[in-house]
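>>> The sequence isn't on hand, but the structure is:
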């Protein structure tokens, strides 16, 4: 998917909501456990009930790997279902990979080619030649960990590296990499005050913002400093939506939660980017 | 496996060789492609032919994920085969994972519990609470990316962070984490001159050293500065051993390559650590 197609979808739905599919068999409605593939059955119901409010879905790969072969099958089913039924939706493999060149190429092929996700999250620690193999794929995107939403972000990311915080160095240097126009960045919502600094370095890039809801981030704070002229944000909520209810009405409850967030986004877009939908 | 068990095995075999199982279907002998599970058939032959010279095996998870369901099955078969037949051998899931707490816990369970590897490689970018979930597992080890062997290592790892290079900060800070005695570190062999600096900070920790052979590292240089009193090194070779031949004699050729490296290690141990085997 091109960035312009993503922006069109945001415009159409008045939403920049990303829904995290972090599926845990202990948390889904128990009646789904009788299904042949309970994880996929859950995802399908959630996707069908929320797709009108969301522009992106983000399966967290750890949750699928944890179930071994069955988990991989559920992941394949989920991405295939999204690509076949909702090709207009942006898909993110939240995998946080990154390795030396030939290994990064393997990971890139897995997520961007074989599974055909639109994007994959990547850790920057190993530098340029660990990220560029992901950037080789046309109309695909690489979402670089920049400033994450956990406490450990302060261990390294906010420390000064040669007079500049590490996360800024990651932003600056990544802009020099080949095909860097395919980069997006993970920026934790719990640190809204950093968005202003980040926008100075990457005024237009899309930022994937986890951590709204369960992790304590605040949507309007994020938007105040994070919105670009083309929105430039994908704000993720996982548990707050997909586990809104664990009863028979789980899909309806998820739909309601997604709708609430979409409404909030629509109001913010109207007030902060009045020209965006015109 | 405890660290002492690993050290005993090193002593017994006079070797600190780790063999990387980066299996690519395009590179294995073609007659193996008729097998039901060619990757496992290849690994089994390589393991049977080299186990007397190696103390560790390191499947590179990217290469298994790339084959989807079949790849995961091959990975399961490989680790099960190792655990059942060679329980004295240290196993490394080279996965380079790392995410927020609950997600890191899922990854840790996958590799250290379900697949029952002895260790897993982890990226430090997200800090303490992204690594500690891996450290919760008793008699398991977490191998932290510190100074990698690729060119991109110079993008961030060797830059000064608050007056200290980032990789040193990673070492220093990781020592304060809970269960840090279960940490090992990835240190690229192409930068032997750094080992002296690293040993000042972690004199006894095990270092996993990729990059000998194909990536240009030099074993005696690494040992000169990297050996601890208990060896404290696991030196990996992947392609140089497993693709020594792509003909019918591939397992024998792998065995010969492994034996050469083991011989070199034995000579180095004898000269640099004369008391180690007594």
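Received it, and whenever you're ready, just let me know what you need. This structure is a prediction, so every number in the text was calculated from the model and none was measured.
>>> sec struct for residue A:84, please.
helix (DSSP: H, G, I helix; E, B strand; the rest coil).
>>> Just list the residues touching it, thanks.
Contact partners of residue A:84, counting by CB atoms under 8 Å, 6 or more residues apart in numbering or on different chains, are absent. (C-beta placed from N, C-alpha, C; glycine too.)
>>> Model confidence score at it, please.
Per-residue pLDDT puts residue A:84 at 98.
>>> Over to residue A:55?
Residue A:55 is given a pLDDT of 93.
>>> which non-adjacent residue is nearest it?
Leaving aside its sequence neighbours, residue A:55 sits nearest to residue A:9 (CB to CB, 6 or more residues apart in numbering or on different chains; 4.8 Å).
>>> what's the following helix or strand after the helix or strand harbouring residue A:73?
Per DSSP states H and E: residue A:73 is located in helix A:68-85. Sequence-wise, the next helix or strand downstream of helix A:68-85 (DSSP H and E) is strand A:90-97.
>>> and the next element down the chain from that following strand?
helix A:101-108.
>>> about what we covered before: for the helix or strand the residue nearest to residue A:55 falls within, report the contacting residues that lie outside it.
For residue A:9, the host element (DSSP H and E) is helix A:3-13. With CB under 8 Å, 6+ apart as the contact definition, helix A:3-13 has outside contacts at A:16, A:52-56, A:88-90, A:141, A:206, A:230-231, A:262, A:276-277.
>>> Quick one: residues contacting the one residue in the stretch 1-150 of chain A that gets nearest to chain B.
Ranking the residues of the stretch 1-150 of chain A by distance to chain B (CB to the nearest CB) places residue A:127 first, at 2.4 Å. Neighbouring residues of residue A:127 by CB under 8 Å, 6+ apart: A:173, B:150-157.
>>> Mind doing that once more with 7 Å?
B:152-156 (CB atoms under 7 Å, 6 or more residues apart in numbering or on different chains).
>>> So which other helices or strands are in contact with the helix or strand harbouring residue A:43?
Under the criterion of DSSP H and E, residue A:43 resides in helix A:38-50. When contacts are defined as 3 or more CB pairs under 7 Å, 6 or more residues apart in numbering or on different chains; DSSP states H and E, helix A:38-50 packs onto helix A:68-85, helix A:250-272.
>>> Within its sheet, name the partner strands of the next helix or strand after that helix and how each one runs.
Proceeding N to C from helix A:38-50, the next assigned helix or strand is strand A:56-59, under DSSP H and E. Next to strand A:56-59 in the sheet, as set by DSSP bridges, lie strand A:17-21 (parallel), strand A:90-97 (parallel).
>>> Out of the ones you listed, which gets the lowest mean score?
What stands lowest among these, in mean pLDDT terms, is strand A:17-21, with a mean of 91.
>>> Identify the residues contacting that strand?
A:43, A:50, A:53-60, A:78, A:92, A:208, A:234-238, A:241-242, A:258, A:261-262, A:265.
>>> Residue B:110 is in contact with residue A:66, correct?
Yes: between residue A:66 and residue B:110 there is a contact at 4.9 Å, judged by CB atoms under 7 Å.
>>> Residue A:112 contacts residue A:140, doesn't it?
Yes: the criterion here is CB under 7 Å, and residue A:112 meets it with residue A:140 at 4.6 Å.
>>> What confidence value was assigned to the residue of the stretch 1-150 of chain A closest to chain B?
91.
>>> Leaving out sequence neighbours, find the closest residue to it.
residue B:152 (2.4 Å).
>>> count of neighbours near that neighbour?
Close neighbours of residue B:152, defined as other CB atoms under 10 Å in any protein chain shown, add up to 23.
>>> repeat for residue A:223
23.
>>> and stretch A:153-160, average pLDDT?
Per-residue scores along stretch A:153-160 average to 85.
>>> ok, and what's touching it?
A:147-148, A:165-167, A:188, B:124-128, B:161-162, B:166, B:169, B:173.
>>> quick one on the thing from earlier: ok and the helix holding residue A:73 relative to helix A:38-50, angle-wise?
Using axes from the mean of the first three to the mean of the last three CA atoms, to 10 degrees, the inter-axis angle of helix A:68-85 relative to helix A:38-50 is 30 degrees.
>>> Tell me which residues of helix A:68-85 come out buried.
A:68, A:70-79, A:82 (16 or more other CB atoms under 10 Å in any protein chain shown).
>>> Return the item of these having minimum pLDDT.
residue A:68 (91).
>>> hang on, that one packs against residue B:114?
Yes: using CB under 7 Å, residue A:68 is in contact with residue B:114, at 6.2 Å.
>>> Next, the contact list for the residue nearest to residue A:127, please.
A:126-130.
>>> Kindly recompute the last result at 8 Å.
A:126-131.
>>> One more: residue A:232?
For residue A:232, the contact set (CB under 8 Å, 6+ apart) comprises A:204-207, A:226.
>>> Okay, now the unreliable bits of chain A?
Regions of chain A meeting the criterion pLDDT under 70 cover residues A:190-191, A:211, A:213-217, A:277-278.
>>> separation between residue A:81 and residue A:15?
Using CB to CB, to the nearest Å, residue A:81 is found at 20 Å from residue A:15.
>>> where along the stretch 151-278 of chain A do the helices fall?
Per DSSP state H, counting those that start in this stretch, the stretch 151-278 of chain A carries helices over the ranges A:153-156, A:166-174, A:195-201, A:219-226, A:239-242, A:250-272.
>>> The longest one packs against which elements?
Meaning helix A:250-272. strand A:17-21, helix A:38-50, helix A:219-226, strand A:233-237, helix A:239-242 (3 or more CB pairs under 8 Å, 6 or more residues apart in numbering or on different chains; DSSP states H and E).
>>> Same check on the fifth one?
Using 3+ CB pairs under 8 Å, 6+ apart as the contact test, the elements touching helix A:239-242 are strand A:17-21, helix A:38-50, helix A:250-272.
>>> Burial-wise, tell me which of these comes out on top.
strand A:17-21 (a mean of 26; mean count of other CB atoms under 10 Å in any protein chain shown).
>>> coming back round to it: mind checking how far the helix holding residue A:43 is from the chain centre?
Relative to its parent chain, helix A:38-50 has a centroid offset of 18 Å by CA atoms, centre = their mean, to the nearest Å.
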